[in-house]
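Engineer: missing the sequence, but the structure's below:
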């Protein structure tokens, strides 16, 4: 049955923590519906019945249709969701009950645990990884790349920096990145391996991108420049692809991938390394 397309539903992202989980899930769900452009309302730290009632009043008074996506750890607040004047997706409710039945253990209902410090060791690792990644962005501090879990290689503006930061912040990986410049690579008949990258073996992962997309990205940064010209981008892409092939560096085409997808595939490359 064909449903009428709703172009702008109001989506209230309600959480007793940061709201990141609710927003991530809701945005993922709405990617499955073309022609729908939700108005997002992120409402974090809803930790009392009074604040939740305020959310309901806002949803009822605002434009319709509307939807609440809730990640509430507190069982009493989850129970209050039945008073919502608009439909609710209760992310924790049914799933928590299923886990309780499976594990035979009652959930503790601690607010904000999903994105709190939680495991302090893991949290500290993420902070250390982020500091390392920031210090080793764009070829900086190449003398200690041996500490890196992964070193991303590719042309300037191919997504190396945001991917490195994502890997550090979400997975605690020491991720460095190094820009490949054709002038540096071409020294003789075989593409030259930059000094700082030697001996890193399976830690290297390459990012490739089509010249057209690379030129488009660069044009937004430096309009009408040689750096952004299609000819320059094409020459760089060809040289970098040759470099990856000669040195047998695993690489992936990021032309149509989001940062999250790139990071996931980089981790797949890491897991495929011998001895990983």
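Structural biologist: Perfect, thanks for sending it. Predicted model, so just to flag it, every value in this text is computed and none were measured.
Engineer: all strands of the stretch 51-200 of the chain, in order?
Structural biologist: 66-71, 88-90, 150-154, 175-179 (DSSP state E, counting those that start in this stretch).
Engineer: which among the ones you listed is found nearest to residue 238?
Structural biologist: strand 150-154 (13.4 Å; Cβ to Cβ). Using the backbone N, CA and C atoms, a C-beta is placed for each residue, glycine as well.
Engineer: what angle sits between that closest one and strand 175-179?
Structural biologist: Counting by axes from the mean of the first three to the mean of the last three Cα atoms, to 10 degrees, strand 150-154 lies at 20 degrees to strand 175-179.
Engineer: partner strands of strand 150-154 and their direction?
Structural biologist: Sheet pairing of strand 150-154 (DSSP bridges) gives strand 175-179 (parallel), strand 204-208 (parallel).
Engineer: off-centre distance for the last one?
Structural biologist: Looking back up the chat, that one is strand 204-208. Distance of strand 204-208 from the chain centroid (Cα atoms, centre = their mean, to the nearest Å) equals 17 Å.
Engineer: and the helix or strand just after that strand, what's buried?
Structural biologist: Downstream of strand 204-208, the next assigned helix or strand under DSSP states H and E is helix 211-221. By neighbour count with 16 or more other Cβ atoms under 10 Å, helix 211-221 contains the buried residues 211, 213-215, 217-219.
Engineer: out of those, the closest to residue 201 would be?
Structural biologist: Closest to residue 201, out of all of the buried residues of helix 211-221 and judged by Cβ to Cβ, is residue 214, at 27.2 Å.
Engineer: how about the closest one, what does it touch?
Structural biologist: The contact partners of residue 214, by Cβ atoms under 8 Å, 6 or more residues apart in numbering, come to 155, 157-158, 233, 236-237.
Engineer: and those residues as CSV, adding pLDDT and neighbour count?
Structural biologist: Below are the contacts of residue 214 laid out as CSV (pLDDT from 0 to 100; neighbours: other Cβ atoms under 10 Å):
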residue, pLDDT, neighbour count
155, 95, 25
157, 94, 21
158, 95, 26
233, 96, 25
236, 94, 24
237, 95, 22
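Engineer: mind picking the two most distant members of the residues you listed?
Structural biologist: Using Cβ to Cβ, the contacts of residue 214 reach their maximum pairwise distance at 157 and 237, which is 11.7 Å.
Engineer: going along the chain, name the helices of the stretch 1-150 of the chain.
Structural biologist: 20-30, 49-61, 75-80, 93-103, 120-135 (DSSP state H, counting those that start in this stretch).
Engineer: weakest of the ones you listed in terms of mean pLDDT?
Structural biologist: Lowest mean pLDDT within the helices of the stretch 1-150 of the chain: helix 93-103, at a mean of 81.
Engineer: identify each buried residue in that helix, please.
Structural biologist: In helix 93-103, counting by 16+ other Cβ under 10 Å, buried: 93, 96.
Engineer: same check on stretch 47-66?
Structural biologist: In stretch 47-66, counting by 16+ other Cβ under 10 Å, buried: 47, 52, 55-56, 59, 66.
Engineer: quick one: which of these is nearest residue 81?
Structural biologist: So of the buried residues of stretch 47-66, ranked by how close each gets to residue 81 (Cβ to Cβ), first place is residue 52, at 7.9 Å.
Engineer: tell me how far that closest one lies from residue 85.
Structural biologist: 12 Å (Cβ to Cβ, to the nearest Å).
Engineer: what's the answer for residue 126, then?
Structural biologist: When residue 126 is compared with residue 85 (using Cβ to Cβ), they lie 39 Å apart.
Engineer: look at those two and report which has more neighbours.
Structural biologist: residue 126 (16 against 13; other Cβ atoms under 10 Å).
Engineer: give the contact list for the more buried one.
Structural biologist: 168-172.
Engineer: before we move on, back to that, kindly reformat the buried residues of stretch 47-66 as a markdown table containing distance to residue 20.
Structural biologist: Below are those laid out as a markdown table (distance: Cβ to Cβ, whole Å):
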| residue | distance to residue 20 |
| --- | --- |
| 47 | 16 |
| 52 | 19 |
| 55 | 17 |
| 56 | 22 |
| 59 | 20 |
| 66 | 21 |
